[in-house]
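Novice: here are the coordinates; sequence isn't available:
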């Protein structure tokens, strides 16, 4: 299980297919990763559940491909 403490600000988030998803802004509570809006195509913050994280090294690696992430993440202004 991935711990919220493993996820740090400014880490790159990568989908299972190798696609850049975004950059970590911060952890929202202890269960969701908030991505920076400056690195987003629509200029909005997006939230992804910590459950989607496969592993963390220098990057946050997800278990979902980019299409699934984009269709299932939460969006906020």
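Specialist: That came through, no problem. What you are looking at is a predicted structure, and each value in this text was computed from that prediction instead of being measured.
Novice: the residue nearest to residue 63 when sequence neighbours are not counted: what secondary structure?
Specialist: In space, and not counting its chain neighbours, residue 63 is closest to residue 54: 4.6 Å by C-beta to C-beta, 6 or more residues apart in numbering. (C-beta placed from N, C-alpha, C; glycine too.) Secondary structure, DSSP: H, G, I helix; E, B strand; the rest coil: residue 54 is strand.
Novice: what's around residue 54, how many residues?
Specialist: Neighbours of residue 54 under the rule other C-beta atoms under 10 Å: 12.
Novice: ok, it - contacts?
Specialist: 16, 61-63 (C-beta atoms under 8 Å, 6 or more residues apart in numbering).
Novice: and it, how far is that from residue 44?
Specialist: 25 Å (C-beta to C-beta, to the nearest Å).
Novice: so for stretch 34-46, what's the average pLDDT?
Specialist: Across stretch 34-46, pLDDT averages out at 95.
Novice: quick one: residues contacting residue 72.
Specialist: Going by C-beta under 8 Å, 6+ apart, residue 72 touches residue 64.
Novice: measure it to residue 66 for me?
Specialist: With C-beta to C-beta as the criterion, residue 72 and residue 66 are 11 Å apart.
Novice: can you check which strand is longest in the protein?
Specialist: strand 20-28 (DSSP state E).
Novice: what's the offset of it from the middle of its chain?
Specialist: Distance, stretch centre to chain centre, for strand 20-28: 5 Å (C-alpha atoms, centre = their mean, to the nearest Å).
Novice: sheet partners, orientation included, of it?
Specialist: Partner strands and pairing direction for strand 20-28 (DSSP bridges) are strand 12-14 (antiparallel), strand 32-35 (antiparallel).
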